[in-house]
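Asker: can you look at this prediction? I've put the sequence above it.
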Amino acid sequence: MNLPFMGWPAEHATAQIYWDLLAAHPEMQAEWVGLRVVGLTVMPGTHIHNVLREVRTPADLYGMKTMAAEGVLADSARAAGAIGVQVDFTEMGDALASGNVEAVINFFGVLAAYNVLEPLKYHTMFGAV
C-alpha cells in the first residue's frame, strides 16, 4: 500500500481503500486468520531521495545505487532498473558520502533522524511529507 508512484490519496483515504479491499477480497482477509482487525493505519507514501537527478517516473531510477527501507520497495526499485544496495541504517551517511548509495527510499523523518538529508539534493514526494 505504500509503494511509490501508486497515486494513493492521503493516508486516511488510503486506509479506507484498504478496508474496502479487505471486504472485497477473501484472499486478503485470509492473511488475518485468527485475528480481528479493529483498526489500521497506512503510512504516507514512501519518498525517493537521491544525489543525482530528479525522479519523476520509475524509469528515472535506472542505474542508481538505491537503498530501500523494505524488501518490497527494494524489489520495486530493482524492477525499475535501480541497483539494490543493502546498508545498515547506521551506516547510511557514510554510504552516501562514499557514493556507495546514491538514492534512499524512505520517509523524511527517518532520514532526519539519521542526519542524512543534506547530501540528498533531489526529493520525489508522494502524499503528505
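Answerer: The structure has been received and is ready for your questions.

Asker: ok, the residue nearest to residue 81 when sequence neighbours are not counted to residue 48 distance?
Answerer: Leaving aside its sequence neighbours, residue 81 sits nearest to residue 62 (C-beta to C-beta, 6 or more residues apart in numbering; 3.5 Å). To be clear about C-beta, it is placed using only N, CA and C from the backbone, and glycine gets the same treatment. Computed as C-beta to C-beta, to the nearest Å, the residue 62 to residue 48 distance reads 13 Å.

Asker: same check on residue 70?
Answerer: Distance of residue 70 to residue 48, computed by C-beta to C-beta: 13 Å.

Asker: go ahead and confirm residue 100 touches residue 86.
Answerer: No: the criterion here is C-beta atoms under 8 Å, and residue 100 misses it with residue 86 at 10.4 Å.

Asker: more neighbours, those two?
Answerer: Set side by side, residue 100 and residue 86 show more neighbours around residue 100, with 14 against 9, by other C-beta atoms under 10 Å.

Asker: which SS class is the more buried one?
Answerer: Classification of residue 100 using DSSP: H, G, I helix; E, B strand; the rest coil returns coil.

Asker: list the contacts of it.
Answerer: Going by C-beta atoms under 8 Å, 6 or more residues apart in numbering, residue 100 touches 65, 85, 87.
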